[in-house]
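# Please find the sequence and the predicted model below.
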Amino acid sequence: MKVALLSDCYLPRLGGIEVQVHDLATQLRARGHDVDVFTATPGTHGERHGFVEVVDGTTVHRMALRLPWELPVNPLAPPEVRRRLREGGFDVAHVHMGVVSPFATDMADAALAVGVPTAITWHCLVERSRPLFRFTGHARRWHRRGAVLSAVSRVTAESVRGIVGGDPQVAVLPNGIDVSRWEPPHPRVTPPGEPVRVVAAMRFAARKRPVAVLEVARKAREIVPADVAFTLDLMGEGPERRRLERYAAAHDMASWVRLPGRVSRDELRRRYWESDLYLTPARLEAFGIAALEARTAGLPVLARTGTGVADFVEDGVHGVLAPDDDALAEALAHLVVDTRLRATIARHSATTPPPQSWSAVLDLVEAEYQRAGARP
């Protein structure tokens with residue numbers, strides 16, 4: 001099958017959608033499919049204007065314009081993309097939608113216009129942009145024109161149903177993970193005398209709530225007995241870094257909180273294996289790739305209820321799902337102190353893979369492509 005993956009963002013940009021679309025392309029190729037990526041992200045050396053290159057074995061069409069801040073937007077791209085889709089003999093087009101995805105929106109219209117079976121996957125919760133989606137009617141129109149709709153988690157699928165209206169079939173098409181790469185060599189046991197290590201990893205953007213990580217950790221520190229030590233490593237980069245640094249300085253957290261910046265996936269995996277707990281207070285988490293990686297690495301995960309994390313973290317089994325930040329801080333304090341419970345959860349997570357292995361996800365992806373081909 002010849003597959004076109006269409007996404008605003010792609011490597012060399014780093015983020016959840018970028019990495020997942022890259023990994024999906026790699027996994028599809030490993031199953032014998034022919035895959036091209038169309039993106040509005042320029043290449044490493046500024047390649048754009050329809051430039052075609054091969055990245056990690058996948059053909060990538062760089063449909064980017066020269067714009068401030070390298071914005072992944074190109075309203076001039078649809079005619080050329082339609083031509084390439086029409087002449088390329090594609091069997092299916094798979095569009096990946098983010099929070100604001102002008103390029104992907106145009107790509108969905110382009111694929112449907114040339115009659116390519118089209119699958120559209122949302123990687124975000126659309127609650128805040130629901131009025132805009134309902135007003136423009138894009139999702140309803142795509143559904144009427146034959147596109148099949150999916151989302152990366154159950155909560156996201158429900159969100160998409162709300163913008164389409166009626167009772168459309170919105171499949172759950174989760175992000176995938178290479179379990180063998182992330183599973184730990186052995187369950188983590190905190191060495192005697194060492195502080196409990198708490199980790200978090202995210203883009204330092206306001207919607208991810210990185211400052212709330214420090215707030216929750218500070219509240220937990222006030223609950224935990226003074227003779228029980230724990231540390232926090234918050235990894236990532238972004239516009240909220242200065243706020244994080246100011247908050248940590250204002251609350252005298254420098255002795256136990258570190259902000260090491262963005263790390264490679266190999267370094268992130270190593271840090272997970274050497275840590276004890278993973279914390280994410282995000283409220284608008286459609287899926288939570290970093291949390292899934294932490295869960296697969298054997299870490300008990302502490303997260304908010306009502307997010308996509310609930311698709312792979314069962315409360316009390318793989319970690320704790322809390323209704324608000326105060327409850328999250330109490331749960332963090334409890335697990336820092338309760339060595340036995342922490343070890344029990346870690347052992348279960350380390351020896352029980354999540355259901356989002358790539359082999360299982362690819363079965364769902366291929367079924368979605370067949371569903372797209374079957375719709376008139």
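Nice, thanks for sending it over.
# Show me the shaky parts of this structure.
127-136 (pLDDT under 70).
# can I assume Arg181 sits in a strand?
No. Counting by DSSP: H, G, I helix; E, B strand; the rest coil, Arg181 falls outside a strand, being helix.
# Nearest residue to it in space, ignoring adjacent ones along the chain?
Nearest residue to Arg181 in three dimensions, chain neighbours excluded: Arg269, at 7.2 Å (C-beta to C-beta, 6 or more residues apart in numbering). Any C-beta I mention is one placed from the backbone N, CA and C, and that applies to glycine too.
# contacting residues around the one you found?
181-182, 293, 297 (C-beta atoms under 8 Å, 6 or more residues apart in numbering).
# and it, what helix or strand is that in?
Element membership for Arg269 (DSSP states H and E) is helix 265-273.
# How far does that helix sit from its chain's centre?
17 Å (C-alpha atoms, centre = their mean, to the nearest Å).
# partners of the helix or strand following it, with directions?
Downstream of helix 265-273, the next assigned helix or strand under DSSP H and E is strand 277-279. Using DSSP bridges, strand 277-279 pairs in its sheet with strand 196-201 (parallel), strand 301-304 (parallel).
# Highest mean neighbour count out of those?
strand 301-304 (a mean of 26; mean count of other C-beta atoms under 10 Å).
# Show me what the top helix by length along the chain is packed against.
Longest helix of the chain, by residue count under DSSP state H: helix 358-374. Counting contacts by 3 or more C-beta pairs under 8 Å, 6 or more residues apart in numbering; DSSP states H and E, helix 358-374 packs against helix 16-30, strand 92-97, strand 118-122, strand 148-151, strand 170-172.
# In PDB, please show the C-alpha coordinates belonging to the longest one.
What follows is the C-alpha trace of helix 16-30 in PDB, where atoms were taken according to Å, rounded to 0.1, in the frame of the first residue of the first chain:
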ATOM      1  CA  GLY A  16       4.800  14.700  20.100                       C
ATOM      2  CA  ILE A  17       3.200  14.800  16.600                       C
ATOM      3  CA  GLU A  18       6.600  15.200  14.800                       C
ATOM      4  CA  VAL A  19       8.100  12.100  16.500                       C
ATOM      5  CA  GLN A  20       5.000  10.000  16.200                       C
ATOM      6  CA  VAL A  21       4.500  10.700  12.500                       C
ATOM      7  CA  HIS A  22       8.200   9.900  11.900                       C
ATOM      8  CA  ASP A  23       7.900   6.600  13.900                       C
ATOM      9  CA  LEU A  24       4.700   5.700  12.200                       C
ATOM     10  CA  ALA A  25       6.400   6.200   8.800                       C
ATOM     11  CA  THR A  26       9.300   4.000   9.900                       C
ATOM     12  CA  GLN A  27       7.000   1.200  11.300                       C
ATOM     13  CA  LEU A  28       4.800   1.200   8.200                       C
ATOM     14  CA  ARG A  29       7.800   0.900   5.900                       C
ATOM     15  CA  ALA A  30       9.000  -2.000   8.100                       C
END
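# Would you mind listing the outside residues contacting that helix?
Here helix 16-30 has contacts from 3, 5, 7-11, 35, 37, 41, 55-58, 96, 98, 123, 175-176, 178, 287, 289, 358, 361-362, 365, using C-beta under 8 Å, 6+ apart.
# Got a PyMOL select line for the buried ones in these?
Applying 16 or more other C-beta atoms under 10 Å to these leaves a buried subset, and the PyMOL line that selects it is:
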select buried, resi 3+5+7+8+9+10+11+35+37+41+55+58+96+98+123+175+176+287+289+358+361+362+365
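# From the contacts of helix 16-30, which land in helices?
Short answer: those in helices (DSSP H) are 289, 358, 361-362, 365.
# Distance to Asp276 added to the residues you listed, as JSON lines?
Output for these, formatted as JSON lines (distance: C-beta to C-beta, whole Å):
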{"residue": "Ile289", "distance to Asp276": "21"}
{"residue": "Trp358", "distance to Asp276": "27"}
{"residue": "Val361", "distance to Asp276": "28"}
{"residue": "Leu362", "distance to Asp276": "32"}
{"residue": "Val365", "distance to Asp276": "34"}
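# So which of these is the closest to Leu335?
Closest to Leu335 out of the ones in helices among the contacts of helix 16-30 is Ile289 (22.2 Å), distances taken as C-beta to C-beta.
# and the residue nearest to the closest one when sequence neighbours are not counted, how far is that from Pro79?
Nearest residue to Ile289 in three dimensions, chain neighbours excluded: Gly16, at 5.0 Å (C-beta to C-beta, 6+ apart). Taking C-beta to C-beta, to the nearest Å as the measure, Gly16 falls 30 Å from Pro79.
# Looking at the two, which is more packed in?
Neighbours were counted for Gly16 and for Pro79 using other C-beta atoms under 10 Å; Gly16 has more, 21 against 9.
# And stretch 184-199, end to end?
The straight-line separation of the ends of stretch 184-199 (C-alpha to C-alpha, to the nearest Å) is 16 Å.
# Would you mind listing the buried residues in it?
184, 188, 190, 196-199.
# That one: how far from the chain's middle?
On C-alpha atoms, centre = their mean, the centre of stretch 184-199 falls 26 Å from the chain's centre.
# contacting residues around it?
Contacts for stretch 184-199 (C-beta under 8 Å, 6+ apart): 217, 228-235, 256, 271-279, 294, 297-299, 332, 336, 339, 342-343, 346-347, 350-351.
# So which of those residues belong to strands?
Applying DSSP state E to the contacts of stretch 184-199, the entries found in strands are 230-235, 277-279.
# Please list only the buried members of the contacts of stretch 184-199.
Using 16+ other C-beta under 10 Å, the buried ones in the contacts of stretch 184-199 are 217, 229-235, 256, 271-273, 275-279, 294, 297-299, 332, 336, 342-343, 346, 350.
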